[in-house]
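Undergrad: Dropping a prediction and its sequence here:
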Amino acid sequence: MNQTRFLNVILALYVACIFAFIFAPILFSLVFSFNSQRFPTIPLGDFTTEWYAKIFADPDVWVAARNSLTVSVCTSIVATFLGFCTAYSDFRYNFRFKGPYLALILLPPTIPLIIMALAMLAWLSKLGLSGHLWSIILAHSVLTAPFAMAIIRLRLNQMDPDLESAAWNLGGSEWKAMRHVIIPFCMPSIVSALCLTAAVSFDEFAVSWFVSGLNKTVPVVILEIVQGNIDPQVNAIGTFVFLTSMTLVILAQVFFISRQVKSHS
Amino acid sequence: MTEPLVTFRNVKKHFGDFVAVRDMDLDIYPGEFLAIMGSSGCGKTTTLRMLAGLDSPTSGEIHIGGEMMNEVKPHERDTPLVWQSLALFPFLNARENVEFGLKMRGVEKAERARRALEWLERMEIGEFADRNITTLSGGQKQRVALARSLVMEPKMLLLDEPLSALDANLVIRMQAVLTRLQKELGITFVYVTHSQSEAFAMADRVVIMSQGEIAQIGSPKDIYRAPANRFVAEFVGRNNILTGTLVSQDGTGVVISTPSGKFVATTPEMSRPDGSDATFVVSADLVNVSLSEPDAENRIQCTLISEEFVGSMVTLFLESPDSHEFKVQMQERDLIELDLHSGSQIWLCWAVENAHVLDGE
């Protein structure tokens, strides 16, 4: 009894350390975003919202935020659509070369981002498609579709395969069965996939930087701020980006995990 | 003679090298309760799926109501199915589940809600109409699944082992519900099951399948008392099966010599020469037991090996001097009077008319 308690304490400490390790830099940037001093030094200066005021006054940041929002919303829709189609085709059909087909779809996240970004730039400019906002959408969709596919495929795994046949049996055509059975069943995972792909796209720097041309997204603007002048503005904008992505990821978790628990109970 | 509602003509179904159904000929009549029974992999579910259009025959023809159905898609048929898994839609409540088929058929909202509620009431689960499917009990889900199919007002209802997930006492209740419904609606039920008690309790006719073929079609009584072949006799169970050679025959019976002795059985429909192989069966509940040698044509002395109790019935397992196993089924209260124990020597006897010769074996 005592021993398990001791073990639990050790485990809790261990988990706390991991969280500290992951979140310390973010917490650090959050704290210094409200610090009046120009350089991150201790002891801290006064509390200030000056840096937030500064970035919110910067029109470049607003343009970038709008770009990032457009890109992540469009990306999440395209990627989730692609992910859904792939997940469903894997669930429903057996065909030759299914293995390579799936491998191809799941490949993008395994490629180093910088290589991916360079390849995207080379390929898109060859096609004359680089330098637009939708070039980023295109590239990000390729990058994030596997995440959507994985989430939706997991949900389909929980589906009784008879459900779809039952819809046909009750007079629904294949399209109606898709609309009234498959999509409603997958809805939690679809919302989850939308949030997650939006989060990944919103954060992504390398590919955006390479293919965006003059259409900067938030991460690209952050780099420019860092390169131009070191001041706590970057902490403020970083905190803002972190909160956005975190919210999306947590939403994705809530939709997916809560439904998972429900369907198992 | 009524026209059959469904005809299978020479239907085959292959899945790759596996033959699920071979050369099936079957007529299903309007208003009958037909059970298709067999062990797993015998092709019974495939047969049902072909009726629903979920699998199409490799060759042969299936007609429903005189129409050739081989290429008709599942959603263009009127063959609702009650699934073994029930396949209720978890994201819809009970009423929406029942409405589903009507919605697919384009019935307008108020009308389909009315009909769905009517059926839920009829299945005695009206109070659960707005409940989430996952919160219902097994028996309630079963009723929702039935309502969902029957609200379509089909001519034929297909059922794929619908009771296999229920507790024993609930099975008995649902059997009563099903038979009553079938009689009231007067529609055809095609019921697939591996359970002999379900099939025999409910069906007008039973089809026994083995390895993709029909082994016998008949009323439960026919199948129980007059199995067509060794497979059916063994499948039905509780049968004593004896094989030997035909010694003599006349108008009233045949004499068959087996390693356990000579026995007289009823004349088979098919005549065959003396000296040919012959097999006959005696149902375990038609064998009488006595301590002294009985005055009967068919008798044999055996040693009691073991007893098996099932409620008020008991099955005795015995062994003849040539080590052939005999089974006797009797009321438990009759057994007590005999005061038997393992190793007891007892006499078995049965009437000539209860010894049924198998065709062609």
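TA: Alright, I've got the coordinates. Owing to the predicted nature of the structure, the values given are computational and were not obtained by experimental measurement.

Undergrad: What helix or strand is the residue nearest the centre of chain A located in?
TA: Taking C-alpha atoms, centre = their mean, the centroid of chain A lies closest to A:V200, which sits 2.3 Å from it. Element membership for A:V200, per DSSP states H and E: helix A:183-203.

Undergrad: With adjacent residues omitted, what lies nearest to the residue nearest the centre of chain B?
TA: In chain B, the centroid-proximal residue (C-alpha atoms, centre = their mean) is B:A199; its distance is 3.6 Å. In this structure, B:A199 finds its nearest non-sequential neighbour in B:A35, 3.7 Å apart by C-beta to C-beta, 6 or more residues apart in numbering or on different chains. The way it works is simple: take the backbone N, C-alpha and C, and place the C-beta from them, glycine included.

Undergrad: Report the separation between the one you found and B:F100.
TA: Going from B:A35 to B:F100 by C-beta to C-beta, to the nearest Å gives 27 Å.

Undergrad: tell me the SS of A:A148?
TA: helix (DSSP: H, G, I helix; E, B strand; the rest coil).

Undergrad: helix/strand/coil for B:S40?
TA: Put simply, B:S40 is coil when judged by three-state DSSP.

Undergrad: residue contacts, it?
TA: B:S40 is in contact with B:H194, counting by C-beta atoms under 8 Å, 6 or more residues apart in numbering or on different chains.

Undergrad: buried residues in the helix or strand harbouring B:K327?
TA: Under the criterion of DSSP H and E, B:K327 resides in strand B:325-331. Going by neighbour count (16 or more other C-beta atoms under 10 Å in any protein chain shown), the buried part of strand B:325-331 is B:F326, B:K327, B:V328, B:Q329, B:M330.

Undergrad: which other residues reach whichever helix or strand comes after it?
TA: Per DSSP H and E, strand B:325-331 leads on to helix B:332-338 as the next helix or strand towards the C-terminus. With contact meaning C-beta under 8 Å, 6+ apart, helix B:332-338 is reached by B:V289, B:L291, B:E307, B:F309, B:S312, B:M313, B:V314, B:L316, B:I346.

Undergrad: could you say which helix or strand contains the last one?
TA: Secondary structure assigned from DSSP H and E places B:I346 in strand B:345-350.

Undergrad: Residue numbers of chain B in contact with chain A?
TA: Residues of chain B lying near chain A by C-beta under 8 Å from any C-beta of the partner chain: B:52-54, B:73-75, B:79-81, B:83, B:85, B:87, B:89-92, B:100-101, B:103-105, B:134, B:148-149, B:152.

Undergrad: Whichever of the residues you listed end up buried, select them in PyMOL.
TA: With 16+ other C-beta under 10 Å as the criterion, this PyMOL line picks the buried residues out of the residues of chain B next to chain A:
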select buried, chain B and resi 52+53+54+74+75+79+80+81+83+85+87+89+90+91+92+100+101+103+104+148+149+152
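
Undergrad: Take the residues of chain B next to chain A and keep only those in helices.
TA: Using DSSP state H, B:A52, B:F100, B:G101, B:K103, B:M104, B:R148, B:S149 are the members of the residues of chain B next to chain A that sit in helices.

Undergrad: mind listing the helices in the stretch 151-265 of chain A by residue range?
TA: For the stretch 151-265 of chain A, the helices defined by DSSP state H, counting those that start in this stretch cover A:162-169, A:174-177, A:183-203, A:206-211, A:218-228, A:233-264.

Undergrad: Of those helices, give the one that comes closest to chain B.
TA: For the helices of the stretch 151-265 of chain A, proximity to chain B was assessed by C-beta to the nearest C-beta; helix A:162-169 is nearest, at 3.9 Å.

Undergrad: what is the mean pLDDT for the closest one?
TA: The pLDDT scores in helix A:162-169 average 94.

Undergrad: and the angle from that helix to helix A:183-203?
TA: 120 degrees (axes from the mean of the first three to the mean of the last three C-alpha atoms, to 10 degrees).

Undergrad: List the contacts of B:R9.
TA: Per C-beta under 8 Å, 6+ apart, neighbours of B:R9: B:D25, B:G60, B:E61, B:I62, B:H63.
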